[in-house]
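> task: produce atomic coordinates for the following.
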Amino acid sequence: MNKKYQVLRCGRLYDGVTQEWKSGQSILVEDHLIAEVDSEVSVPEGADIIDLSDCQVTPGMIDAHMHMDYFDWHTVREEVYTQSEEAKTLAIARCAEKALCRGFTTVRHVGGITSNGYGVLDVKRAIEQGYFPGSRIVAAPMFLCSAGSHGDLSQGFARNPLLSQKLQQERLTLGAGKDYFVNAVREQVKYGSDFLKIMATGGFFTPYDTPIQQQLNDEELKAIMDTAHALGKTVTAHVYTNELMQKLIAFGIDGMEHGSLMNRETAQLIEEKGLYLVLPSIKLEELTATCFRVMSSTSTFPLSKGHACTRTFKLPRFSKVSGCCTSTALSAGCTTNTPRTNKFKGKRRSIRSTDMSIPVASDAIAVACFRIKFCTGGT
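Got it, this is the predicted structure:
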């Protein structure tokens with residue numbers, strides 16, 4: 001079979017190897033693998049020349065904290081109970097395709113908000129087998145949680161106990177006791193979960209819990225981690241408080257999500273233990289100023305020979321940016337779930353979403369070509 005070649009002529013290139021943007025660079029792609037990255041690359045006969053001279057070219061980004069199973073974040077509470085599992089699977093497929101088109105070649109699904117099934121694993125496998133385009137998915141289909149916890153969305157009906165109890169039973173990984181959670185971990189691994197997700201504390205989305213509550217007891221937490229590790233799986237936890245973060249570290253947690261209430265001592269422990277911390281909601285300037293000091297062990301994925309080039313595309317011109325990243329670690333991604341305005345020194349520039357995430361894994365790189373236009377006014 002004849003090989004297919006593409007040569008990408010870059011405007012400015014960030015390769016993930018050095019911190020500098022490079023001008024006058026080209027990328028030779030052989031079939032779906034990057035063959036060369038240099039100022040001068042060989043141009044095989046019949047190669048397609050793609051002019052990206054007006055673009056910023058980067059490796060594919062990673063969004064390490066996503067909930068993919070809804071169509072519209074404005075109506076996510078309603079979708080929990082008004083959409084079928086089939087509709088929620090379609091939402092996941094749509095999210096994966098939209099994420100890829102925005103430059104995110106890998107996304108990490110950290111438990112379904114609306115879904116109570118395993119549609120995300122079906123979408124993941126279909127993408128891997130090439131049936132339709134989408135970001136590579138790393139998934140924990142369900143989170144392990146307790147009654148009344150941040151993972152128990154029947155809280156919304158808690159003033160109608162009979163209805164709330166009925167809806168609570170729909171959450172298949174909600175339970176109590178060491179033995180329950182040992183078996184729940186085994187089931188999640190059996191069905192194909194890439195990692196395990198614990199709802200360790202409350203949150204802000206649910207009405208009758210708080211971010212400072214410990215929502216699984218010590219015996220349950222330890223049983224989940226021990227069982228997952230025995231089966232070769234990692235564990236992450238939704239957690240905010242400093243005390244519980246330190247407890248999870250002592251129990252052997254592999255990573256954590258949020259961590260908004262931690263102190264400097266906890267940050268130091270995370271770095272010393274080589275753990276990861278995913279920060280899904282944090283302002284861009286805070287991330288670049290502080291969080292990468294915590295995550296100094298986080299690797300970046302270089303754009304170099306031998307990496308896969310799954311898709312090359314241009315993003316349309318926006319008056320507001322719907323995808324952004326930092327130059328500190330290109331694989332840090334952002335979601336577009338929470339539009340907000342960010343003010344920089346000098347001119348006011350509106351950026352649509354600054355929810356950033358830390359990468360945890362990737363085995364391939366695609367090339368994202370950005371045309372970004374900042375607003376100089378408005379909101």
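
> any idea how far the residue in the chain sticking out farthest from the centre is from residue 3?
Distance to the chain centre peaks in the chain at residue 45, reaching 39.4 Å (criterion: C-alpha atoms, centre = their mean). Separation of residue 45 from residue 3 (C-beta to C-beta, to the nearest Å) stands at 11 Å. For the C-beta atoms, the positions are set from N, CA and C on the backbone; glycine is no exception.

> and the helix ranked longest in the chain, what's buried?
Ranked by residue count, the top helix of the chain under DSSP state H comes out as helix 85-101. Neighbour-count burial for helix 85-101, counted by 16 or more other C-beta atoms under 10 Å, picks out 87-93, 95-97, 99-101.

> lowest-confidence entry in those?
Among the buried residues of helix 85-101, residue 101 carries the lowest pLDDT, at 90.

> gap between that one and residue 8?
Residue 101 is 18 Å from residue 8, by C-beta to C-beta.

> got it, and residue 277?
From residue 277 to residue 8 the distance is 34 Å (C-beta to C-beta).

> higher neighbour count, these two?
The neighbour count for residue 277 versus residue 8, taken as other C-beta atoms under 10 Å, is higher for residue 8 (25 against 22).

> helix/strand/coil for that one?
The three-state label given to residue 8 by DSSP: H, G, I helix; E, B strand; the rest coil is strand.

> nearest residue to it in space, please, no chain neighbours.
residue 27 (4.3 Å; C-beta to C-beta, 6 or more residues apart in numbering).

> the one you found and residue 146, how far apart?
Distance, residue 27 to residue 146, using C-beta to C-beta: 50 Å.

> of the two, which one has the most company?
A direct count of neighbours by other C-beta under 10 Å for residue 27 and residue 146 places residue 27 higher, at 26 against 20.

> can you list contacts of stretch 183-192?
Outside stretch 183-192, the residues that touch it by C-beta atoms under 8 Å, 6 or more residues apart in numbering are 118, 121, 140-142, 144, 173, 175, 196, 224, 227-228, 231, 233.

> which single one of those residues is nearest to residue 162?
Within the contacts of stretch 183-192, the smallest distance to residue 162 is 19.7 Å, found for residue 175 (C-beta to C-beta).

> check contacts around the closest one.
Taking C-beta under 8 Å, 6+ apart, we find residue 175 in contact with 146, 181, 184.

> how about it, phi and psi?
phi -170, psi -160 (degrees, to the nearest 10).

> report pLDDT for residue 228.
Value for residue 228, per-residue pLDDT: 98.

> with residue 247 instead?
At residue 247, pLDDT is 97.

> over to residue 314?
39.

> same question, residue 345
Confidence score, pLDDT, at residue 345: 28.

> just to revisit the earlier point, quick check: phi and psi at the residue farthest from the centre of the chain.
Dihedral angles for residue 45 - degrees, to the nearest 10 - are phi -60, psi 130.

> again, but for residue 164
Dihedral angles for residue 164 - degrees, to the nearest 10 - are phi -60, psi -40.

> next one: residue 235
phi -130, psi 140.

> how about residue 13?
phi -120, psi 130.

> number of nearby residues for the nearest residue to it once chain neighbours are set aside?
Leaving aside its sequence neighbours, residue 13 sits nearest to residue 25 (C-beta to C-beta, 6+ apart; 4.0 Å). Using other C-beta under 10 Å, residue 25 has 22 neighbouring residues.

> and what of the one 3 residues further on?
Residue 28: 21 surrounding residues under other C-beta under 10 Å.

> beta partners for it?
residue 7, residue 36 (DSSP bridges).

> you'd agree residue 253 is up against residue 275?
Yes. Counting by C-beta atoms under 8 Å, residue 253 does reach residue 275; the two are 7.0 Å apart.

> so, low pLDDT: which residues of the stretch 151-300 of the chain?
Along the stretch 151-300 of the chain, segments meeting pLDDT under 70 span 281-300.

> okay, strands next: where are they in it?
For the stretch 151-300 of the chain, the strands defined by DSSP state E, counting those that start in this stretch occupy 196-199, 235-241, 255-261, 276-278.

> between those, which gets nearest to residue 65?
strand 276-278 (4.8 Å).
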